[in-house]
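> any chance you could fold what I've pasted below:
(one chain, ligands or ions: 2)
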Amino acid sequence: MSMGRFISLEGGEGVGKSTQAQMLAETLRGRGLDVLLTREPGGTPGAEAIRALLLDTQFDWDASAEALLFAAARSDHVANTIAPALDRGEWVVCDRFIDSSRAYQAGGDDLSDDAILSLHTIGSMALMPDVTFLLHADGDDIAARLAQRDSDGSDRIGGKPADYHARVAQRFRDLAGSDPERFVLIDANGPPDAVHERIVRALASMLGEGG
Ligand SMILES: Nc1ncnc2c1ncn2[C@@H]1O[C@H](COP(=O)(O)OP(=O)(O)O)[C@@H](O)[C@H]1O
Ligand SMILES: Cc1cn([C@H]2C[C@H](O)[C@@H](COP(=O)(O)OP(=O)(O)O)O2)c(=O)[nH]c1=O
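Residues are numbered from 1 along each chain as shown. Ligands and ions are numbered 1, 2, ... in the order given. Okay, the predicted model is just below:
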């Protein structure tokens, strides 16, 4: 039985993370692996409840309260869902993880990366993914996808101004550049199948299974 791996998918809103996380989980299951597909913020009843608080436009969390809430949600998710699955030898595919906090709460707002990582140490034993796919796609395509998906309005964070999201995108790129052992940049343009193919190929080479 092979050892479990922890894979996260990251990137801005609408780039296709959820779609690709599902496709990846399905492919891995097709290879006979036990796979846990999960997401952040969320993945446990408690963390899903915190998610609702975080995304509700009636609240105006400041940057530090927001970072603490994400860290609290992640703590519950790691303790009760992710770590037990990894202990059982399962593969975990997670739609967003710690790098979202580093990109949004530190990059978009101005908390330090060290502060975010300290919260992660306190909350989640500083658990890091084995592989992180950072999806990126052309802005115009994404705007069209989001307009369709979020026709009833965007959530509290998705609705932040364009300059905030530009800082988030830049921080994601910087994080990926600073840790090429863990991150793989994935071109998320084109149909879902083509993107999936890129991810599967990259995973094989990250895990040393050849091209
Ligand atoms: N490769 C793709 N091409 C076109 N539309 C896509 C593609 N991947 C996802 N979508 C659609 O775009 C929207 C956002 O995708 P989603 O997977 O929810 O992104 P994310 O999880 O990154 O926000 C959804 O409506 C989804 O069906
Ligand atoms: C996990 C996480 C998400 N977020 C934000 C990103 C999204 O705007 C929002 C909800 O995540 P998500 O539902 O994944 O958004 P989308 O499908 O639109 O990409 O929470 C953070 O700001 N910090 C975090 O640590």
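
> where along the chain do the helices fall?
17-30, 45-55, 63-77, 83-87, 98-101, 113-124, 139-149, 162-178, 192-206 (DSSP state H).

> what mean pLDDT does the shortest one get?
Across helix 98-101, the average pLDDT comes to 98.

> the closest residue to Glu90 other than its chain neighbours and Pro129, how far apart?
Closest residue in space to Glu90, ignoring its immediate chain neighbours: Asp34 at 4.3 Å, by CB to CB, 6 or more residues apart in numbering. Any C-beta I mention is one placed from the backbone N, CA and C, and that applies to glycine too. Distance, Asp34 to Pro129, by CB to CB, to the nearest Å: 17 Å.

> show me what contacts the spatially most central residue of the chain?
Nearest to the mean C-alpha position of the chain, counting by CA atoms, centre = their mean, stands Arg96 at 1.3 Å. By CB atoms under 8 Å, 6 or more residues apart in numbering, the contact list for Arg96 reads 8-10, 17, 39-41.

> and the chain, which residues reach ligand 2?
Residues of the chain that fall close to ligand 2, judged by CB under 6 Å from any ligand atom: 13-14, 17-18, 40-41, 55, 70, 95-96, 100-101, 104-105, 157-158.

> shaky segments in the chain?
Within the chain, the ranges that satisfy pLDDT under 70 run 1-2, 210-211.

> interface residues of it facing ligand 1?
Taking CB under 6 Å from any ligand atom as the criterion, the chain approaches ligand 1 at residues 13-19, 145, 148-149, 191-192, 195.

> list just the nearest of the residues you listed to Gly4.
Lys17 (20.5 Å; CB to CB).
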